[in-house]
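Q: no sequence for this one, just the structure:
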């Protein structure tokens, strides 16, 4: 069944951490909807990839989506300066909908305050922030804990996509 | 008395959060020594300012410095992927030497694991990471807690410099 996946993303995203999962999800028949502060805005990755934003965070409802993708780079740090992105992510974690976060993506999940006892990974620089949020941090290419799939770097994308697609197929 | 201030900084630092405190410290007669992974490296700020690095983290000893400056931007995130910067900062916090951190600078202090009960501020996006590290987060232009001076953004630099210079004068 085709799922609707919300991708929260802004400037300085790690290019392939959006483009490769998005490609894999679309090839599997799913829809990816990009969300930033404003619809129609063009955002640029660290290496120059551009994405046009489909929806503004103020006009979306988590209930309208089946899953959440959070690519890394500096995009998550920029997003989380606005409380609405953490609130949006919180609904997915609470309701057990699939959540896919790679590299710095898990930073936004810290703002859900729902990570106590959750097995996760993420980019090395944020490991202590994840541990302080209550995460059991694992240095592995992909960690799946109930509905949450996490990976560390672009090198982990094949494992990240594989496990994410498995959850979407359920 | 002239103090030796270690400034840990790498690419994508928030330009004025290094240049303005460094200028104020030098004008007051202090020395600023820039530290990254390698001496001689040229690092570039978000807005294009360049700094030549004086010392590599592998060749410095915290005992040789009187104070620590951590400018913000994405530089602190890049630095903390290497455990040695958190270890370096830890010695200053432990020994009660002045520590000045602005914007994302406090991210490196999280890695000291010595922030429980400390009054601090920092850029909005990292507020939950600071709280999870045990910080009493305050949304104020400058917060001084014993030897630690913190501020939120470039707008806070006058207050940040004022309080930092007071500690250096002691």
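A: Thanks, I have it. What you see is a predicted model, and the numbers here were worked out from it, not measured in a lab.
Q: Give me the phi and psi angles of the closest residue to residue A:154 other than its chain neighbours.
A: Nearest residue to residue A:154, sequence neighbours excluded (Cβ to Cβ, 6 or more residues apart in numbering or on different chains): residue A:16, at 5.0 Å. To be clear about C-beta, it is placed using only N, CA and C from the backbone, and glycine gets the same treatment. Note on residue A:16: its backbone torsions stand at phi -70, psi -20 [degrees, to the nearest 10].
Q: Equivalent analysis for the one 4 residues further on, please.
A: Summarising the backbone geometry of residue A:20 under the convention degrees, to the nearest 10, its torsions are phi -70, psi -50.
Q: which residues touch it?
A: Contacts for residue A:20 (Cβ atoms under 8 Å, 6 or more residues apart in numbering or on different chains) come out as A:157, A:161.
Q: how near is it to residue B:52?
A: 37 Å (Cβ to Cβ, to the nearest Å).
Q: Ok, residue A:61 next?
A: To residue B:52, residue A:61 is 51 Å away according to Cβ to Cβ.
Q: and if you look at residue A:79?
A: 33 Å.
Q: Name the residue in these two with the higher neighbour count.
A: residue A:79 (29 against 11; other Cβ atoms under 10 Å in any protein chain shown).
Q: Which residue comes closest to that one once chain neighbours are left out?
A: residue A:85 (4.4 Å).
Q: just residue A:75 next, same as before
A: residue A:13 (3.8 Å).
Q: what residues are up against that neighbour?
A: A:43, A:45-46, A:49, A:51, A:71-75.
Q: Put together JSON lines for these, with secondary structure and pLDDT on each row.
A: Formatted as JSON lines, those follow (DSSP: H, G, I helix; E, B strand; the rest coil; pLDDT from 0 to 100):
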{"residue": "A:43", "secondary structure": "strand", "pLDDT": "98"}
{"residue": "A:45", "secondary structure": "coil", "pLDDT": "98"}
{"residue": "A:46", "secondary structure": "coil", "pLDDT": "97"}
{"residue": "A:49", "secondary structure": "coil", "pLDDT": "98"}
{"residue": "A:51", "secondary structure": "strand", "pLDDT": "97"}
{"residue": "A:71", "secondary structure": "coil", "pLDDT": "98"}
{"residue": "A:72", "secondary structure": "coil", "pLDDT": "98"}
{"residue": "A:73", "secondary structure": "strand", "pLDDT": "98"}
{"residue": "A:74", "secondary structure": "coil", "pLDDT": "98"}
{"residue": "A:75", "secondary structure": "helix", "pLDDT": "98"}
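Q: Let me know the closest of those residues to residue B:150.
A: Using Cβ to Cβ, residue A:74 is the member of the contacts of residue A:13 that lies nearest residue B:150, at 21.0 Å.
Q: what number of residues lie near the closest one?
A: Neighbours of residue A:74 under the rule other Cβ under 10 Å: 22.
Q: do residue A:83 as well
A: By other Cβ under 10 Å, 12 other residues sit near residue A:83.
Q: try the one 3 residues further on
A: By the other Cβ under 10 Å criterion, the neighbourhood of residue A:86 contains 19 residues.
Q: which residue packs closest to it, ignoring adjacent ones?
A: Nearest non-adjacent residue to residue A:86, counting by Cβ to Cβ, 6+ apart: residue A:111, 2.8 Å away.
Q: among the contacts of residue A:13, which ones are buried?
A: In these, burial by neighbour count holds for A:43, A:45-46, A:51, A:71-75, counting by 16 or more other Cβ atoms under 10 Å in any protein chain shown.
Q: could I get the residues you listed as CSV with distance to residue B:148?
A: Converted to CSV, the buried ones among the contacts of residue A:13 look like this (distance: Cβ to Cβ, whole Å):
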residue, distance to residue B:148
A:43, 35
A:45, 35
A:46, 32
A:51, 39
A:71, 34
A:72, 29
A:73, 29
A:74, 25
A:75, 29
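Q: ok, of the residues you listed, which one's closest to residue B:159?
A: Using Cβ to Cβ, these come closest to residue B:159 at residue A:74, 26.2 Å.
Q: what residue ranges in chain A score low on pLDDT?
A: Under the criterion pLDDT under 70, no range of chain A is flagged.
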